[in-house]
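K.L.:
Coordinates for the following, if possible.
(chains A and B)
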Amino acid sequence: MSEARDVSKLTLRDVPNKDYFLWGHGACPGCGVAIAVKNIMRILGPETIVYVPASCLVVFGAQYPYSSFDVPYLYSAFENTGAVATGIRAAMRRRGRDPIVVGMAGDGGTFDIGLQALSGAADRGEDILYVCLDNEAYMNTGIQMSGATPFGAWTTTSPAGRKVKGKRRFKKDVDHIVAAHDPAYLATLSIAHFNDFVRKVERAKSMTGFRFLHVLTPCVPGWRSESARTMEIAKLAVETGMWTLFESHDNESRVTYKPSAMLPVTDYLKLQGRFAHMTVEDVNSLQRWLCTKWWLHYKDQVEALPCRVYETERPVAHDGDPLHGV
Amino acid sequence: MVTKVISADHAVAWAARLARAEVIPAFPITPQTLIMELLSEFINDGELDAELIAAESEHSVMSIAVGASAGGVRTFTASSSQGLALMHEMLYVAPQVRLPVVMANVNRSLGAASGIWLEHNDSMPERESGWLQCYVEDNQEALDMVLQAFRIAEDQRVMLPVMVCLDGFVLSHTVERVEIPGQEEADSFLPRFRPLNRLDTEDPRVINPIVPPEYAMEMRYQLDRAMDASRAVVGEVDELFGRAFGRRYGGLLEPYLMEDAEYALLSLGTATTTARAVVDELRSQGSRAGLIKLRFMRPFPENELREAARGLRALGVFDRSIAMNGLGPVFTEVRGALGSTGIALSDHIGGLGGRDLTLQEMRDVYASIGSSAAGQATVRWHGLRGEQG
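P.N.:
Presented below is the predicted three-dimensional model:
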């Protein structure tokens, strides 16, 4: 991609056809991670070195003696994406080489166990691209709850029991944690919003410094959804406010896509078995939380919401307690 | 060559400088910190062209080291105690990925009932990780072995990481006269790093993907064979070093007055210096005492030990660590090597948690070995205070 191109006008048509994450990998049909990685690698191209920590991707992306990555690739452990990528980048600097060094971690490897190394790398302003492939639970180990799991969702460690039904805390706001490190670039991506996706990956690719791309990647077995509806679910996540699309650089945050109106969260929940057990009260809690988030995020563009937002001045979206912040 | 009166930590930093280490991830921990401080000064004064990366934890230090070494550049770091323990997970990655990282570990006690003082129970548990492990006796040896460690680690027959262990405070913070080789001398001893496999977009390789059972066992075998191959390389490098700098250390172990010895102690680290003084004393009294300085815990020199111990009636082992099964870790290895020889074996545990090891205690150690009989191995703790259950 030449520097001269206006990144903001790129579309899916501008993505090169050559794959560097090849067919034959072992992902489930409809896997959001595979879709994201395939397209990210097409855009990043051959001058890329990939680090993948423990995750689904490390299992389905390369197993000796096979690999779907057609670029240099390294794996070592779970919690160290920011650190290993730091080391690779340092080696490349010493060798006078300038590939893109990308770490692609899951939500557990980013929000939870990898947060320290992520913070270290962001704080040092390492010249690396960090991609968080967020499928909202530890899917590789069999669908356990993570900091990224949304309120109410079933996982194997937040089961829909007779007494407690699903996760009791809201999704951790990792983007604001990363933003607090003043990264060169930070953006949220949806695999169903192609042009926005392409522009953000291209922008991250064209920049230096610490760049963070956060992609929502629906997971068919983990979300208990149909493989053919991955894109529909990814789209509805944005239309209901369960996911927002923005980017941030040079101390400025910008909404890159705003749905014309907020759809009720039930449109999103009903396509996923992980939410099937939710009580009306829990759905309402989630909806109220989303309305507040929506209001905070889209500010003066907010139209009539599916629920009322009671306060007009609120510094922080939530404190993790489902009954607060709504 | 210049001579300076410096601590072992500073000697280690000088060695990393002379080795032209390119990437140095670091996190502070006493008593290692002096190493990183001096390296930082070298870099900021423009005397060393390297990147010191101030990581946010030792786990990240070793992760950065893995990334940098896989990236194809010479990588050095140092740690100690809790820091080494925090690296534990990543310590197992470097050997299997065949990354010749060199690390100084300044020995310090680990865990509760802890302080910042000398004990070998931080590095001993890592002897199964695939790192070569060397223990040094003085500041000069600390410098020399870090230089040698790069040459050993980067030998294409080895390609394994090396941990140079030095006793906390007794060496790390104690100044001694140290000969510092000139840069040209160091360069001619230590060739440029030529990695076997590296991350390179011009020659893309997948390094360390998930390995299924059909292949993983062979990789373990290759790792074990590389460790075995390092035995010869350690000796060769010692000889090369001797030719270049006039100092030889004997390779995996160094016998002292063992030719006609009737009884001897095997020790490692600075306890060896105390033992040598006692051996000299005993010899002057006509007693045929000897000493085996164990220099490498990995690879463990079984054959060399059997050779050195030939003709002994009794051999004691000094363990500055306890394996919590009644014995020290070094003794367990020695018994494995010599158990069938009929030599009376005894384990001597002392100097734990930074407790001073005195000449008198070492005399007691030798007296105990001298009076030990073949058969059941005996264990004695030296320097315990008060009545113990």
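
K.L.:
Report the strands that pair with the helix or strand bottoming out on mean pLDDT in chain B, each with its relative direction.
P.N.:
Lowest on mean pLDDT, DSSP states H and E among the helices and strands of chain B sits strand B:378-382, with a mean of 94. If you go by DSSP bridges, strand B:378-382 pairs up with strand B:344-350 (parallel).

K.L.:
On the C-terminal side of the partner strand, identify the next helix or strand.
P.N.:
helix B:359-370 (DSSP states H and E).

K.L.:
Can you tell me which helices and strands that following helix packs against?
P.N.:
Counting contacts by 3 or more Cβ pairs under 8 Å, 6 or more residues apart in numbering or on different chains; DSSP states H and E, helix B:359-370 packs against strand B:263-267, helix B:271-284, strand B:314-319, strand B:344-350, strand B:378-382. All C-beta atoms are positioned from the backbone trio N, CA, C, and that covers glycine.

K.L.:
Format those as TSV; extra columns: mean neighbour count.
P.N.:
Converted to TSV, the helices and strands packed on helix B:359-370 look like this (neighbours: other Cβ atoms under 10 Å in any protein chain shown):
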stretch	mean neighbour count
strand B:263-267	27
helix B:271-284	19
strand B:314-319	26
strand B:344-350	23
strand B:378-382	16
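
K.L.:
Buried by neighbour count: which residues of stretch A:128-145 qualify?
P.N.:
Judged by neighbour count (16 or more other Cβ atoms under 10 Å in any protein chain shown), stretch A:128-145 contains these buried residues: A:128-140, A:143-145.

K.L.:
Now for those residues: which two are most distant?
P.N.:
The span of those, defined through Cβ to Cβ, is set by A:I128 and A:I143 at 29.1 Å.

K.L.:
Pull the distance from the least confident helix or strand of chain B to the chain's centre.
P.N.:
Computed by Cα atoms, centre = their mean, to the nearest Å, the chain-centroid distance of strand B:378-382 equals 24 Å.

K.L.:
Quick one, grab the pLDDT at A:T312.
P.N.:
Looking at A:T312, its pLDDT reads 46.

K.L.:
actually B:L39, not the one I wrote
P.N.:
What the model reports as pLDDT for B:L39 is 98.

K.L.:
Repeat that for the one 4 residues further on.
P.N.:
Looking at B:I43, its pLDDT is 98.

K.L.:
A:C307 now?
P.N.:
What the model reports for A:C307 is a pLDDT of 83.

K.L.:
host element of it?
P.N.:
Of the helices and strands defined by DSSP H and E, none includes A:C307.

K.L.:
List the residues that contact it.
P.N.:
Residues near A:C307 by Cβ atoms under 8 Å, 6 or more residues apart in numbering or on different chains: A:N284, A:Q287, A:R288, A:C291.

K.L.:
Please confirm that the second one is located within a helix.
P.N.:
The one in question is A:Q287. Yes - applying DSSP: H, G, I helix; E, B strand; the rest coil, one finds A:Q287 inside a helix.

K.L.:
Distance-wise, check it relative to B:T273.
P.N.:
Going from A:Q287 to B:T273 by Cβ to Cβ, to the nearest Å gives 73 Å.

K.L.:
Helices along the chain, start to end?
P.N.:
Went with chain A since none was named. A:32-44, A:56-61, A:81-94, A:115-124, A:174-179, A:194-206, A:220-223, A:230-239, A:266-269, A:280-298 (DSSP state H).

K.L.:
nope, chain B please
P.N.:
Remark: helices assigned in chain B by DSSP H are B:8-18, B:33-44, B:58-70, B:81-91, B:93-96, B:139-153, B:183-189, B:213-245, B:271-284, B:302-308, B:329-338, B:359-370.

K.L.:
what's the most buried one of these?
P.N.:
Comparing the helices of chain B by mean neighbour count (mean count of other Cβ atoms under 10 Å in any protein chain shown), helix B:58-70 ranks first with a mean of 31.

K.L.:
And that helix, what does it pack against?
P.N.:
strand A:73-74, helix A:81-94, helix A:115-124, strand B:23-26, strand B:76-79, helix B:81-91, helix B:93-96.

K.L.:
quick one: average pLDDT of that helix?
P.N.:
The pLDDT scores in helix B:58-70 average 98.
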